[in-house]
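Novice: Quick one, fold the following:
(chains A and B)
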Amino acid sequence: MAFKKLKVSKNRKKTWRKHTNIDEVEEFLEEKRLEERLGDQNLGNQLFFIEKTGSAQNVDQKLVADNQKPRAKQKVKQPVKKTEQLVENLKAFRALKSCSAVKPFLITRPSAPKTPKRLKGNLSRKVAESKSCLEKEQKKRKEEKRGKENPVFYDMWNESEEGIIKDDKELKELEEIQHLLMGKNKPKISDYHYQKPSLLPAVEVPHPGSSYNPSFEDHQDLLSKAHQIELEKAKEEAHLYRVLDAYYPSAENAPTEESWLREMSQGLIGDKEKDESENELEENEEHPLLLKTSIDAGKRKSKAQRRREAMQKQLEKAAKEKRKMNAISNQIFQLDKIKKEIKEAEEKSLQRQKRKRERIISKMYKPNILSRHKFEEPDIEVSLTEDVAGSLRSLRTEGDLLKDRFSSLQKRNIIEPRKIILKHRKKHQKYFVKK
Amino acid sequence: MGRMKKKGESGAKKAYITRRKAVQKLQVSLKDFRRLCILKGIYPVEPKNKSKVGGGSSQNKTYYLLSDIQFLSHEPILWKFWEFKIFMRKMSRARGRNDREALENVRSNQPFYKLDNIVKERYPTFIDALRDIDDALSMCFLYSRFSKSKYLHVELINICRRLTVEFMHYVIETRSLRKVFISIKGYYYQAEIKGQTITWVVPHQFNLGNFHDADYKVMRTFTEFYVTLLGFVTFKLYTSSNLYYPPKILTIKSEALENDEDDFNEQISDQIAALNQPLLKNSIQIDEDINPDEFDEPDLKQDNQLTFHQLVKFQKLFEGFKFFINREVPRESLVFVIRSFGGLVSWEKTLFPGATFDENDESITHQIVDRDDISNKYLNRYYIQPQWVFDCVNARTLLPVEDYFIGAVLPPHLSPFVEDKEGEYVPPEKIALNEGRSLNLAKEQSNEENEEESEEEESEDEKEIPTNDVKNNQSKEEKEDQEKIKMEVKAGKALKEDKKKIEEREKAEEKRLAVMMIPKKKRRLYDKIMFGKKRKSREVEKLVEKRKVFENESKKLKRQKTK
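Specialist: Numbers count the residues shown, from 1 in each chain, chains lettered A, B, ... in the order given. Below is the predicted model:
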C-alpha cells in the first residue's frame, strides 16, 4: 500500500523550509568542502600512474609514423593542438582561470548556433540564390497579374487536360489545409447542387409589343397590361390611404390630454344619484345562480343493482365481440367491395401525389420568400404611342438592362431580394466653448 | 425507452442556418459571404415551415441549408478571401502612413484567385455549361458596353469585350443564328449551338446616362464568374470546330507598323472586333476530321421546324449579297446578322477599322440607310432600311425590298419568339411574313385576281346561259323517257370512298361520344372551356371584320386621292 504524498503549498518561506528536502544537495556540498579542505581521498590514484605510452623517443617515433599518413589530416590537426596547449599553459592565461576546483553549479544554455563554415565561404552564392528566388517570385506575381487581365483558357472538359486543375499545387495545398482545419473530408457534392432553384428561363422572351416598331395589336396589348398593373397599384394605394391616413386623425385633430380627459369623464359628473341606485340593484342580483344551487347527494345504488349492471355490461361486450367476428368472417363474401375500395384509395393517393408534384413544379416558376423583403416585379417597359419611332435611328430606348438582369436573378431565387439602404450621414456637429 | 428528444436538436431546426450564423461560421464579412455564395452557386432557400426553423418565430429571414454552408467551409478560395482582407489592411496602413514604397510593395503582392476549379465543379460536362450560358452571355454583352468607373474595372470590361467578340465570331463561323428581335430594351438574339437553344440580350449601342439601381458589387461578382465560364466554353467551341483560339485572321503587316509590336497587336484586335473577316481554321485537323457521312445531327433533331435542306438554305440566306452600311446605322448588330447568314459587309473606313470595300463599289447589292433621303444614289443597288435584314432572318426568306425602301413607312417589326396559339387572331401582316411575301404586293395580287375572276365568271355566265337552257330542256325530256323505258340491272360501280372523310366522320363521332361520356363533375369545366373557345373565335371574327372595313375605307380614300 502506497501512502499518499502529503500535498503542502510551499509558497511561503516557512513552509518551504519545513517541507523541502535538500538533504541530497547538502550532502554533496559537504563532501566537496571536505575534499577541498583535506584533499581528495582518491587522489593517490591520480597522482601516480603507470606509463603505458612510453618515453619521448617513442613519441618521436609516433611522429614519424604520423608523417607517413596522408598529409591533409596532419596539417589540420597537429599545429592547432600544439598552439592550444601552449596558450593554455602560459602563465598569464593560467591566472585568469578559476582557482576553485569546484565546478560552478550552472545550467549551460545552448548558445547561438555557429555559422557553418561552408555557408561563410559561399555567402555570395547564397545572396545570388535568394536574389534569383525573389526575381522568380516577382515574375510569378507579374504573370498572375497578367493572368487576371488576360486569363488563359484550356479545354477543361477534356479528360487529357483535366490534370491542369488537379495538378494545381497551390490549390491542393490550400484544400488540404482546409480539410485539416475543418476536421472532416471534403463533403460530396449532392445532386441537389446541380438543380437550379427556379425553372424560369434566364433570358425571358420579350413581349411582342416591346418591339421598336410594334404592330398595333401587340402594342395595345402591352399598353393595356401596363395599364392594368398601374390600376392595381393605384387601388392598393387608395386602400392604404383609406385604411391608414383617412382612418386615423391627422396631427392637428389628434386628441390632446385635455380633450381625452373631457371625453373620459363624460357622464361622470352631475348624474351621481342615478348611479347609486343602479349600484344597489346590481348588488342584490349578484350571483343568483350560486345561491340557488344545492348539492344533491342522490340515491346510492344497491349491491344487487351494481351486479346486474356489471352483468349487463359484460353481455353487451360479448355481443359486440361476436358481431365484430361475424363481420370479419363475412368479409370473404365482400371481396369485390374491398377490392374496389383499395383501388379507389390507390387512385386517390396517386391523384394526391400528382397534385403535389404539380404544386411543387408551379412553385418553381415563382419567386420564393428569401428575405425580409418580398420580391417586387419590376415595371413593364413601355414605349408610349407618341414615342414609337418607326425607324431604328430615332428609337427611344426604355428600361435598364443591368437592373433587368438583377431582378431576373432575384426572381429566379439565385439571390435574395434586398432594398438599398443608403448610408445615413449625421450632420456634422459643431462644438463651441462658451467664454 | 430511448433517450428523450430535446427540442431543436434534430429536424428542420438543424437542417437550416440563418445567413447571420453562416457568416459567423465561415469567419468572413457579409460581403465576402455573398461573393462566395455567388461563385460557388449556393442559393438561399425557403424552409417549408418557418416557425419550426426559427424557433417559434415565423419571421422571414434568409436561410441556407447547413450542408451547403459546410460545403462552403471546405472551399480553398476562403483562404484567398482572408488573405485579401489582410492585404486591404496592409494597403490602408501604408496609405495612412503615406509610405509609397511600402504601398507599392504591398500592391505588387496582391492575392489573386482562379475560378477554374469552381467552374469545373459546377459544370461537370460541357453541355451543362452550355445550357447555362444565357446568363453569362447577357451579362458579358452588357458589361462590354460599360465605361470604366469606380465599381467597374477596365480589365473586366476588356475581357467581356474580348469574349463577346469571340463568341460572335463563333456564331458567324458556324452560322448558328436563328432569330433576332429589336426591342426597346435591346437586341434579343437566339442561336442553336450544339443542339442547345441559346438566347441573349445585347443593349443598344448608345445607351448612356443610366443610373443603375442594381447592386454593382453583386453584379461584378457574377460577371467575374461568368467571364471564366464563357472563356472556357468559347475555347471548347473554337477547338471543336477547328478554329484557332485565340481567333486568328489573315492580316498583312504594313511596313509602318512593322516595328511597333503593340500598335500592330492593337490593330489586329480591332480587325477581329470588326467581325468582318473569316477566322483561320486549323487546316491540318480538318483533313483528318472531315467525314462526308457525318452531319451536324443534333442541330437537325433539335430544330423541329426546319428540315436539313431548309436549314442549309436558311444559313445561306444572304449569300452572294454585298451590303454597305451607312454611318447612321448600328454597325455591329447588322454586321453580325448579315455575316452569320453569309453576306458580305462593309462600311465607311473612317467609321471603324476593318472595312473591306468602299461605297462606290459597283458590285454592292444593298445599301442600308436609315435617313429620309440620300443624295448620290447608285442605280444598281437597293437602298433599304435596316429592318429588312432582321425581318428577313425572322421570316427565313428574302422579303421583297419594296416595303423597306428609303422613306417608306415600315411594316411592323414582329417578334419571332411568339408562337401562335390555335384559334387566335393573326393579323394579315403576320400571315404575309410567315408566307414570305410583301403585304402590299399580296393585296394588289389578290385584288387583281379577284377582278379577273369576277370578269371571267361574268363572261362565262353570259356565254353559258343560252346554251344551258337548250341543253337542260333536252336532257330533261330524255331523262323522263329513259326512266319510263328502261328497267334493268347494270354492272355496279365501285363506290369511291374518301378515306379522309370517313376518318374525319369517325373522329367526330368518337369525340361526340367522348363528350357524352364526360361525368357530371367535369362537365362544367368542359363547358367552360368550350365557351371560352367560342368567345375567342367570336372575337377573332370581329377583328377580321374590323380589318376588312378598315381596308375598304383606306382603299376608298386612296381612290379618291388618285381621282
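
Novice: C-alpha from now on. contacts and neighbour counts both.
Specialist: Will do.

Novice: can you list the domains in the chain?
Specialist: Picked chain A for this. Following the assignment in automatic domain parsing, chain A carries domains at A:62-96, A:125-184, A:213-249, A:312-365, A:366-385+A:397-418.

Novice: Chain B was what I was after
Specialist: Domain segmentation of chain B under automatic domain parsing yields B:12-108, B:116-253+B:260-286, B:316-420.

Novice: mind putting those domains in CSV, distance to chain A, mean neighbour count and mean pLDDT included?
Specialist: Output for those, formatted as CSV (distance: least, Cα to the nearest Cα, whole Å; neighbours: other Cα atoms under 10 Å in any protein chain shown; pLDDT from 0 to 100):
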stretch, distance to chain A, mean neighbour count, mean pLDDT
domain B:12-108, 5, 17, 92
domain B:116-253+B:260-286, 4, 18, 87
domain B:316-420, 5, 18, 91
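
Novice: is it possible to export those to TSV including distance to residue A:320?
Specialist: Compiled in TSV, those are given as follows (distance: least, Cα to Cα, whole Å):
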stretch	distance to residue A:320
domain B:12-108	45
domain B:116-253+B:260-286	66
domain B:316-420	68
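
Novice: Specify the stretch among the ones you listed that is closest to residue A:208.
Specialist: domain B:316-420 (4.9 Å; Cα to Cα).

Novice: Bridging across strands, which residues link to the residue in chain A that chain B sits nearest to?
Specialist: In chain A, no residue comes nearer to chain B than residue A:211, which is 4.1 Å away by Cα to the nearest Cα. Here residue A:211 sits in beta bridges with residue B:183, going by DSSP bridges.

Novice: and it, what pLDDT?
Specialist: If you check residue A:211, the pLDDT there is 93.

Novice: List the contacts of the residue most central in space within chain B.
Specialist: The structure's chain B has its C-alpha centroid closest to residue B:190; by Cα atoms, centre = their mean the separation is 2.2 Å. Residues near residue B:190 by Cα atoms under 8 Å, 6 or more residues apart in numbering or on different chains: B:177-180, B:197-200.

Novice: thinking again about what came up before, can you pull the contacts of the residue of chain A closest to chain B?
Specialist: Applying Cα under 8 Å, 6+ apart to residue A:211 gives the contacts B:181-184, B:413-415.

Novice: Now do stretch A:399-413: distance to the chain's middle.
Specialist: 29 Å (Cα atoms, centre = their mean, to the nearest Å).

Novice: try stretch B:497-512
Specialist: Stretch B:497-512 has its C-alpha centroid displaced from the chain centroid by 41 Å (Cα atoms, centre = their mean).

Novice: Just the element for residue B:179, please.
Specialist: strand B:177-182 (DSSP states H and E).

Novice: Give me the angle between the helix or strand following that strand and strand B:177-182.
Specialist: Later in the chain than strand B:177-182, the nearest helix or strand by DSSP H and E is strand B:186-193. Strand B:186-193 runs at 170 degrees relative to strand B:177-182, counting by axes from the mean of the first three to the mean of the last three Cα atoms, to 10 degrees.

Novice: Reformat the contacts of residue A:211 as CSV; add distance to residue B:240.
Specialist: Putting these into CSV (distance: Cα to Cα, whole Å) gives the following:
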residue, distance to residue B:240
B:181, 29
B:182, 31
B:183, 33
B:184, 36
B:413, 36
B:414, 35
B:415, 32
